[in-house]
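K.L.:
I would like to see how this sequence folds:
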Amino acid sequence: MKNDTWDDDSCTDEYKFICYDEYNKSGKTFYISDKTMTWTDAQRFCREHYTDLISGVKQLKDFKTQRQNDPNQNNAEHFWIGLFRDCWSWSDGSSFSFRSWDTDSVILIKKSMIWEDALYYCRDHHGDLVSITNQDDQRWVQERAKMASTPHVWLGLRYTCTLDFWFWVSDETVFYKNWGPGQPGDDCNMSGAMDYGGREG
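P.N.:
From the prediction side, this is the model:
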């Protein structure tokens, strides 16, 4: 993004970037980096220290408003934002967003944590919380969930009040759904979990 307009560039180029933090209670929603990084490194930084790269039209409008009130900001700079294009696709036209080129392994962590701690634990030790994008994923995760000692296990599924939708933290769009009765809710800071029977709630 430059001068509030979007452009596309190679993810290996290095720019400053903008993170957002929906958990920040101080009211400072956006963080502008002082140093440059590739898009992937910028995304990793934002996810480790904040919530993610700035994403969605509403966040960009809020950021623009915030920037207009800060005379020290330079609008001519380039910044990475959380928009990316996945150039891989299946020959039958199916969407491609699964990024593990090796084995599709699902690991059950037998520790009780709140969702945020589980997210950071998985990112630090294994990659990410699990995403379910089709029936095969559902069966595989469901079998692992049966071995849990708790009635539910966390998924990489999150609701954002800012954008008003559910999303997988690994960037997949929520097309496949298997909600339990009365689900999902739409309260702020909700996260998805799977029960013993394989339903999300």
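K.L.:
can I see the domain layout of this structure?
P.N.:
The chain breaks down by automatic domain parsing into domains covering 16-80, 115-195.
K.L.:
The last one - what's its average pLDDT?
P.N.:
Taken as a whole, domain 115-195 has an average pLDDT of 81.
K.L.:
now the shortest one
P.N.:
For domain 16-80, the mean per-residue pLDDT is 82.
K.L.:
Distance to residue 8 added to the domains of the chain, as a markdown table?
P.N.:
Using the backbone N, CA and C atoms, a C-beta is placed for each residue, glycine as well. Shown next, in a markdown table, are these (distance: least, Cβ to Cβ, whole Å):
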| stretch | distance to residue 8 |
| --- | --- |
| domain 16-80 | 11 |
| domain 115-195 | 17 |
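K.L.:
Cross-check the contact I'm expecting between residue 145 and residue 193.
P.N.:
No: judged on Cβ atoms under 8 Å, residue 145 makes no contact with residue 193 at a distance of 9.2 Å.
K.L.:
what would the domains of the chain look like in JSON lines with distance to residue 107 and mean neighbour count?
P.N.:
Listed next are the domains of the chain as JSON lines, based on distance: least, Cβ to Cβ, whole Å; neighbours: other Cβ atoms under 10 Å:
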{"stretch": "domain 16-80", "distance to residue 107": "19", "mean neighbour count": "15"}
{"stretch": "domain 115-195", "distance to residue 107": "6", "mean neighbour count": "16"}
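K.L.:
got the contact list for stretch 56-67?
P.N.:
Contact partners of stretch 56-67, identified using Cβ atoms under 8 Å, 6 or more residues apart in numbering, comprise 1, 4, 18, 20, 29-30, 54, 73, 75, 81-82, 162-163.
K.L.:
How about the contacts made by the residue nearest to the spatial centre of the chain?
P.N.:
Residue closest to the average C-alpha location in the chain (Cα atoms, centre = their mean): residue 169, at 2.9 Å. By Cβ under 8 Å, 6+ apart, residue 169 lies in contact with 119, 128-129, 131, 156-158.
K.L.:
follow-up on the earlier one: among the domains of the chain, which comes closest to residue 106?
P.N.:
The closest of those to residue 106 is domain 115-195. By Cβ to Cβ, the value is 5.0 Å.
K.L.:
got the end-to-end distance for that closest one?
P.N.:
With Cα to Cα, to the nearest Å applied, domain 115-195 spans 15 Å between its terminal residues.
K.L.:
so how far is it off the chain centroid?
P.N.:
Domain 115-195 has its average C-alpha position 11 Å from the chain's average C-alpha position, going by Cα atoms, centre = their mean, to the nearest Å.
K.L.:
can you list contacts of whichever strand in the chain runs longest?
P.N.:
When the chain is parsed with DSSP state E, its longest strand is strand 152-160. For strand 152-160, the external contacting residues (Cβ under 8 Å, 6+ apart) are 22, 108, 113, 115, 118-119, 122, 128-132, 141, 144-145, 165-170, 174, 184-196, 200-201.
K.L.:
Packing partners of the next helix or strand after that strand?
P.N.:
Counting by DSSP states H and E, the next helix or strand C-terminal to strand 152-160 is strand 165-168. The contact analysis (3 or more Cβ pairs under 8 Å, 6 or more residues apart in numbering; DSSP states H and E) places strand 165-168 against strand 152-160.
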